[in-house]
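S.K.: Got a sequence here, can you model it:
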Amino acid sequence: MTERRFSKPWKAEETDACFIIRDRNGQALAYVYYEEEPGRRSAANLLTRDEARRIAVNMAKLPELLLKYGT
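M.R.: Next up, the predicted model:
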C-alpha cells in the first residue's frame with residue numbers, strides 16, 4: 001500500500017457554511033461545519049462559527065506540531 005503525503009503547509013479557508021483544511025496543493029483534508037442561526041444550531045447540536053474556526057486553525061497546525069514533537 002502506498003503511503004499518501006499531504007504537502008505542508010496546511011491552511012484553513014472559510015466558506016459560508018464551513019472551514020476547509022487544505023494542503024499546499026489544494027487537496028481538501030477536512031471540513032468543519034458550523035451554523036450561525038441559534039435555533040438551527042441548538043436543534044442539530046452544531047458548532048458556532050468561532051468554535052469551528054478554532055478547530056480548523058488547530059487542525060491546520062498539525063504538521064508543524066508533529067515535527068516539533070517528533071511524532
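S.K.: quick one: low-confidence parts of this protein?
M.R.: Along the chain, segments meeting pLDDT under 70 span 1-4, 71.
S.K.: residue nearest the centroid of it?
M.R.: Of all residues in the chain, the one closest to the mean position by CA atoms, centre = their mean is Ala56, 3.1 Å from it.
S.K.: How is that one assigned, secondary-structure-wise?
M.R.: helix (DSSP: H, G, I helix; E, B strand; the rest coil).
S.K.: Could you verify my assumption that it touches Tyr33?
M.R.: No. Applying CB atoms under 8 Å as the test, Ala56 and Tyr33 come out as separate, 10.2 Å apart. Yep, even glycine has a C-beta here, placed from its N, CA and C like the rest.
S.K.: What ranges does this protein have for its strands?
M.R.: Under the criterion DSSP state E, the chain carries strands at the ranges 11-14, 18-22, 28-33.
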